[in-house]
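Asker: could you look at this predicted model? Sequence included:
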Number of protein chains: 2
Amino acid sequence: MDGDDTPRLADASEADQIGRLLHDFNTEFETPSPGADVLSERLAVLLAGKSMFAILAGRPAFAVALVSVRPSVWYSGRVGLLDELYVEPNRRSEGTGSAILRLLSDHARAVGIDAIEINVDEGDVDAQRFYERHGYSSIEPETNERAFYYYQELRVPD
Amino acid sequence: MDGDDTPRLADASEADQIGRLLHDFNTEFETPSPGADVLSERLAVLLAGKSMFAILAGRPAFAVALVSVRPSVWYSGRVGLLDELYVEPNRRSEGTGSAILRLLSDHARAVGIDAIEINVDEGDVDAQRFYERHGYSSIEPETNERAFYYYQELRVPD
């Protein structure tokens, strides 16, 4: 990676680039998306607050990580959830994902985040290995077992 | 359940009761806990904000649900994570857990939460059935598969 490709913390003014990448992500994996414009509008608001941040690589950006933050009673600090990590297909296997995870940890520590969480598809063994290589675990030490992610939508997304 | 046992939204002034129940929860399941006092102090602060709420049943309380809230780019509203749901051993199988989940959905809708998430242990089939009976799913419709919860602690909890 040259200098321009080093991951950086995104500014709210870059919401358009993030919205475009997240829309491309969902399109690639055939997941519904409200569209790049709706995503960009929401991101411009959310990134100006303290409960979401994003990391970008490239100008124009070819990779993004989106992290939402919540309080937790089990830590004195907060907890971050890596909602999305996407690298454009023609820029994979260059180490960008790893560099993004390193910046994610550094930034999280700097803003008082005590733990980072990720939900990884059961069948996506490559992603599981990737996160395990970077210090993430699916095994809770107390129970010595994994946990499944459950959810219920109360409102159908646009 | 009689009137006093109907679940209610907890007030920040009830942080002591919630801290005690969460500490008992972790003690029962042999999970580390910073202690009821530390939990209660954190809860008094967190429950006064907009990113956490709790539901209690009983006076004194014998059941608790703790929910943290985060923003999401995929919804116009926010997302709630059911961090903990605990009913004291001698008050189980009375329908309290179900009544709490109903209040959780109603309150979440009322405050603009569009989805509720829960991480359920892989081996806890009873809990999985309980949440599935109440409309929760572990299967993402797009991928038709489940997801595992991964995490990394950046700071060891007290």
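Answerer: Yep, it's here.

Asker: going forward, measure contacts and count neighbours with C-alpha atoms only.
Answerer: Fine.

Asker: ok, how many other residues are close to A:Glu145?
Answerer: When neighbours are counted by other C-alpha atoms under 10 Å in any protein chain shown, A:Glu145 registers 13.

Asker: buried stuff in stretch A:35-48?
Answerer: Buried residues in stretch A:35-48, defined by neighbour count with 16 or more other C-alpha atoms under 10 Å in any protein chain shown: A:35-36, A:38-40, A:42-44, A:46-47.

Asker: is that stretch positioned near chain B?
Answerer: Yes - contact between stretch A:35-48 and chain B, assessed by C-alpha under 8 Å from any C-alpha of the partner chain, occurs at A:39, A:42-43, A:46.

Asker: gap between A:Gly95 and chain B?
Answerer: For A:Gly95, the distance to chain B (C-alpha to the nearest C-alpha, to the nearest Å) stands at 20 Å.

Asker: how near is that residue to A:Val120?
Answerer: 19 Å (C-alpha to C-alpha, to the nearest Å).

Asker: for those two, indicate the residue with more neighbours.
Answerer: Neighbour totals were compared for A:Gly95 and A:Val120, and A:Val120 leads with 20 against 10 (other C-alpha under 10 Å).

Asker: now do the SS call for that one.
Answerer: strand (DSSP: H, G, I helix; E, B strand; the rest coil).

Asker: so what's the residue count around A:Ser33?
Answerer: 17.

Asker: quick check: phi and psi at it.
Answerer: phi -140, psi 140 (degrees, to the nearest 10).

Asker: can you show me the strands along chain A?
Answerer: Per DSSP state E, chain A carries strands over the ranges A:8-9, A:52-57, A:63-71, A:78-87, A:113-121, A:147-153.

Asker: circling back to that earlier point, now the residues of stretch A:35-48 next to chain B in CSV, with pLDDT?
Answerer: Output for the residues of stretch A:35-48 next to chain B, formatted as CSV (pLDDT from 0 to 100):
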residue, pLDDT
A:Leu39, 98
A:Arg42, 98
A:Leu43, 98
A:Leu46, 98
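
Asker: mind listing what the closest residue to A:Glu14 other than its chain neighbours touches?
Answerer: Of all residues not flanking A:Glu14 in the chain, A:Ala44 sits nearest, at 7.9 Å (C-alpha to C-alpha, 6 or more residues apart in numbering or on different chains). Contact analysis of A:Ala44 by C-alpha atoms under 8 Å, 6 or more residues apart in numbering or on different chains lists A:12-15.
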